[in-house]
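1. Fold the stuff below for me.
(one chain, ligands or ions: 1)
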Amino acid sequence: MSGDLSVRFTGIEFDNPFLLSSAPPTESESNILRAFEAGWSGVVTKTIGLHPVVNVAGAKTRFLRAALDSPLITMKKILGALHSSWNWELISDKPLDWWIPRIERIKKAFPKKVLVASIMAGSGSDRELAHWQTLAKACQDAGADAFELNLSCPHMDRPDMGSNIGKDQQQISVVTQVVKEVAKVPIWAKLTPSTTDIVVEARAAFLGGADAISSSNTFTSLPLIDPETLEFEIQVDGLVSTGGLGGPAILPLSLAKMAQMTKAFPDKSFSGIGGIADFSHALSYFLLGCGTVQVCTAAMLDRAVGPNVIRGLIHGMREFLESNAHRGWKSLEDFRGIRRDRVVAQSEIRRPDASEYHGGHDAKGYAESFEKPAPAAAGGGK
Ligand SMILES: Cc1cc2nc3c(=O)[nH]c(=O)nc-3n(C[C@H](O)[C@H](O)[C@H](O)COP(=O)(O)O)c2cc1C
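-> Residues are numbered from 1 along each chain as shown. Below is the predicted model of the structure:
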């Protein structure tokens, strides 16, 4: 099959637009090497911080399934369709010093593959902001091709970390600017979906100098409560905190966030994340304007680094290019963003009778119509 899968994104050459996102599939040297061998063009490392972290004393990630013959959704092992992943895992439990020699070795083994270093620090003081620069300088000196700023981890208590930075446009701009001061490689800002209008945060990241936005991280969520035990399906000593939802359940949610941003900034670069397991999912992100996509949950469930997932993505894209060759499409650039303008306001959607629709107001104004008595049911009704 013909067709060129390669893409240029934020100035970096990728042999295909498919990356593993920052998560367990990219938490170790051996995983990343296996991922490159399997065909992923790039990886975003599990988020690297300056200090070691300690995770909860229990399961960090579980998968929810939806029963096929009932409304049941559960983390218990049932025969059913994958609904989502749920996790409250913190960033890498290995500090910067552990990562540096590994980044060097990985880049030496696969110089043409792309290694994006995901980094995270606080932002509450100049000292904290300097940590971002320490992380960035060390990772780029070791050979990282780009940075992804983790402004989106949904389970950080500190008000100046993770998604708490991503909810504050000023902190987003400041952190991005601080990294930009020392960066010799592109900066991707990974935003949280847990805000009212993600266009505001995307603008702040671009103002700070971000070269791209990655979206989404997981959505803030709680596990369900087991109706028999009355305990949360994932908990430690009966206690739970909010965690992050990923996988199929967030695909449409994440697409909506992405559409908002790609419409607001049609000339900027976006890496789509959320619920991707095959090419049809990735295609939705591409048609909205994304130049790369990233995968986590589907890869975790496929031998830890997704060898079958990447095979399917590559095969799917080749087939897609082949079946659209008659349109003259040879690469992603030929169809990227062509459905972005189809996302419009409700009032722009055609009605069976346009004269009957007033966008939620009647011709004389909403308040007046609200006070009108309900019309008598035609023909006496029931
Ligand atoms: C167990 C787990 C750990 C994660 N750790 C990180 C992380 O360290 N840094 C980060 O930016 N995102 C992290 N993520 C979020 C993923 O990179 C990704 O944005 C999210 O899971 C949505 O993609 P998916 O629907 O393909 O899972 C994690 C996700 C999971 C499930």
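
2. and residue 72, what is it in contact with?
-> 66, 78, 80 (C-beta atoms under 8 Å, 6 or more residues apart in numbering). Every residue, glycine included, has its C-beta placed from N, CA and C.

3. Could you look up the SS state of residue 188?
-> strand (DSSP: H, G, I helix; E, B strand; the rest coil).

4. Please list all residues in contact with it.
-> Contacts here follow C-beta under 8 Å, 6+ apart; on that basis residue 188 touches 10, 116, 146, 147, 148, 149, 210, 211, 212, 213, 214, 271.

5. residues contacting the third one?
-> Residue 146 makes contact with 10, 12, 114, 116, 117, 185, 186, 187, 188, 211 under the criterion C-beta under 8 Å, 6+ apart.

6. Backbone dihedrals for it, please?
-> Phi and psi for residue 146, reported as degrees, to the nearest 10, are phi -160, psi 170.

7. Tell me the spacing between it and the ligand.
-> Counting by C-beta to the nearest ligand atom, to the nearest Å, the separation of residue 146 from the ligand is 14 Å.

8. returning to that earlier point: considering the contacts of residue 188, which is situated nearest to residue 304?
-> Using C-beta to C-beta, residue 116 comes nearest to residue 304 of these, at 18.9 Å.

9. Assumed the closest one was part of a helix.
-> No. The assignment for residue 116 (three-state DSSP) gives strand, which keeps it out of a helix.

10. That one and residue 143 touch, don't they?
-> No. In this structure, residue 116 sits apart from residue 143 without contact. The criterion is C-beta atoms under 8 Å, and the distance is 11.5 Å.

11. sorry, back to before: just give me the closest of the contacts of residue 188 to residue 353.
-> Relative to residue 353, the closest of these is residue 213; by C-beta to C-beta it sits at 40.3 Å.

12. next one: phi and psi at the closest one?
-> With angles defined as degrees, to the nearest 10, residue 213 shows backbone torsions of phi -110, psi 130.

13. Over to residue 207?
-> Torsion angles at residue 207 (phi, psi; degrees, to the nearest 10) stand at phi -60, psi -40.

14. Name the helix or strand for the closest residue to it other than its chain neighbours, please.
-> Computed as C-beta to C-beta, 6 or more residues apart in numbering, the closest residue to residue 207 that is not its neighbour in sequence is residue 173, at 5.2 Å. Element membership of residue 173 [criterion: DSSP states H and E] is helix 169-182.

15. contacting residues for residue 354?
-> Remark: with contacts taken as C-beta under 8 Å, 6+ apart, residue 354 is in contact with nothing.

16. From residue 347, how far out is it?
-> According to C-beta to C-beta, to the nearest Å, residue 354 stands 10 Å off from residue 347.

17. got it, and residue 150?
-> Using C-beta to C-beta, one obtains 38 Å as the distance from residue 150 to residue 347.

18. the more surrounded of the two?
-> Taking neighbours as other C-beta atoms under 10 Å, residue 150 and residue 347 compare with residue 150 leading, 29 against 10.

19. Give me the angle between whichever strand or helix holds the more buried one and helix 169-182.
-> If you go by DSSP H and E, residue 150 is part of strand 146-151. Angle of strand 146-151 versus helix 169-182, following axes from the mean of the first three to the mean of the last three C-alpha atoms, to 10 degrees, is 160 degrees.

20. so, in contact with the ligand or not, the next helix or strand after strand 146-151?
-> Beyond strand 146-151 in the direction of the C-terminus, DSSP H and E gives the next helix or strand as helix 163-166. No. Helix 163-166 is not in contact with the ligand by C-beta under 6 Å from any ligand atom; minimum separation 10.0 Å.

21. Specify the residue ranges that define each domain of the chain.
-> Recorded structural domains for the chain (assignment: automatic domain parsing) are 7-342, 346-380.

22. Could you tell me the least trusted of those?
-> In terms of mean pLDDT, the lowest-scoring of the domains of the chain is domain 346-380 (a mean of 65).

23. Around the ligand, which positions in the stretch 201-350 of the chain sit nearby?
-> For the stretch 201-350 of the chain, the contact set with the ligand under C-beta under 6 Å from any ligand atom comprises 217-218, 246-247, 250, 273-276, 295-298.
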